[in-house]
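J.: What follows is a predicted protein model with its sequence.
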Amino acid sequence: MDDRFNTFAGWALFSGIVALGLASVSARYFEADKEHRPHEMGYEIEGVESSDGGEEEVPLATLLAAADPTKGEQVFAKCKSCHTIDAGGANGIGPNLHGVMGEPVGKGAGGFAFSSALSGIGGSWNFDNMNEWLASPKAFAPGTKMTFAGLSKPEDRAALMVYLNNQGSNLPLPPPPAAAPAEEEAAAGDEAPGEGAEEAPAEGEAAAEAPAAE
C-alpha cells in the first residue's frame, strides 16, 4: 500500500514539474504573459482619431462662422456657478465676464485678483487664445487658480465664444478660410450646364412650332 501511494505521489509531483516547465517556456517563447496590442487593428471605430492623424481638424474661423450664440448661452450655464456676465455684475469665485473679449488677459475691469500665472500671459483676449484657454485652462496658464477642466468639444468652445462676444465685446469674427480651387471648380461644374447642351424650348414655343393636328 505504501509503495503504491509513493508511486502515485511521485507521478503527481513529476506531472506538476513538467506542467510548470511548459508554462514557463510558453510564456517566454510566445510572450503569453505580456499584454500588447495587435500590430494592425481589426477595424476602426467611427469617430475615434487614429494615431496617424485621424480626422482633419475644422478651422476655428469655420466653427465660429457656424456657431449659434443660443447654444453658447446653454454652454455658459456651466460657468454660472463662478461667473456673472451682465453689465456691471459683481465678481464671484471668478471675474465678471461682460465685455471680456478684447480685454487684457488676466487684468479685468472689475478689480478681480487674478493669479500671476494668468496675468503674466500678456496680450488681450481674442478668439485664438480664448479657444486655448477654454480647451484647458491649466495647459494655457500653468499654475492658474481656475479649477475648471475645460471644454473638449471645439463646437462648444466656438458657440461659447460667440455668446461671450455678444455680451459687450463685439469683436469682428475672423473670416472663414477660402475654399480650395478644386472645390470651387467642382461647385461651378455642378451649377453650369453641360457643354453642347441646348436650352429646352419654352412650353409656348414648343406649341407654336408643332404642326396643328388635322
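T.: That came in fine, so what should we check first? Residues are numbered from 1 along each chain as shown.

J.: Residue 152 contacts residue 75, doesn't it?
T.: No. Contact between residue 152 and residue 75 fails when scored by C-beta atoms under 8 Å: they sit 11.9 Å apart. Just so you know, the C-beta spots here come from the backbone N, C-alpha and C atoms, and that holds for glycine as well.

J.: Have a look at these two and say which one is more surrounded.
T.: Just comparing residue 152 and residue 75: by other C-beta atoms under 10 Å the higher neighbour count belongs to residue 75, 20 against 10.

J.: element containing the residue nearest to the more buried one when sequence neighbours are not counted, please.
T.: Nearest in space to residue 75, with sequence neighbours left out and distances taken as C-beta to C-beta, 6 or more residues apart in numbering, is residue 160 at 4.5 Å. Taking DSSP states H and E as the criterion, residue 160 maps to helix 154-166.

J.: What residues sit buried inside that helix?
T.: With burial defined by 16 or more other C-beta atoms under 10 Å, the residues of helix 154-166 counted as buried are 154, 156, 157, 158, 159, 160, 161, 162, 163, 164, 165.

J.: what's the pLDDT at the last one?
T.: So the one you mean is residue 165. In this model, residue 165 is scored at 97, pLDDT.

J.: give the contact list for the closest residue to it other than its chain neighbours.
T.: The shortest distance from residue 165 to any residue other than its chain neighbours is 4.7 Å, reached at residue 101 (C-beta to C-beta, 6+ apart). Counting by C-beta atoms under 8 Å, 6 or more residues apart in numbering, residue 101 makes contact with 125, 126, 127, 130, 161, 164, 165, 169, 171.

J.: make it 10 Å
T.: 124-127, 130, 161-162, 164-171 (C-beta atoms under 10 Å, 6 or more residues apart in numbering).

J.: cool, and residue 175?
T.: Residue 175 touches 61, 64, 65, counting by C-beta under 10 Å, 6+ apart.

J.: So which elements touch the helix or strand hosting the first one?
T.: When elements are defined using DSSP H and E, residue 61 is found to belong to helix 60-66. Using 3 or more C-beta pairs under 10 Å, 6 or more residues apart in numbering; DSSP states H and E as the contact criterion, the secondary-structure elements in contact with helix 60-66 are helix 127-135, helix 154-166.

J.: Redo the ones you listed as CSV? Include distance to residue 87.
T.: Converted to CSV, these look like this (distance: least, C-beta to C-beta, whole Å):
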stretch, distance to residue 87
helix 127-135, 19
helix 154-166, 12
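
J.: How about the contacts made by residue 130?
T.: If you count contacts by C-beta under 10 Å, 6+ apart, residue 130 has them with 100, 101, 105, 124, 140, 157, 160, 161, 164, 165, 171.

J.: What score does it have for pLDDT?
T.: Model confidence at residue 130, given as pLDDT, is 97.

J.: before we move on, what about residue 15?
T.: pLDDT, residue 15: 72.

J.: ok, so what distance separates it from residue 141?
T.: Between residue 15 and residue 141 the computed distance is 65 Å (C-beta to C-beta, to the nearest Å).

J.: That'll do, ta.
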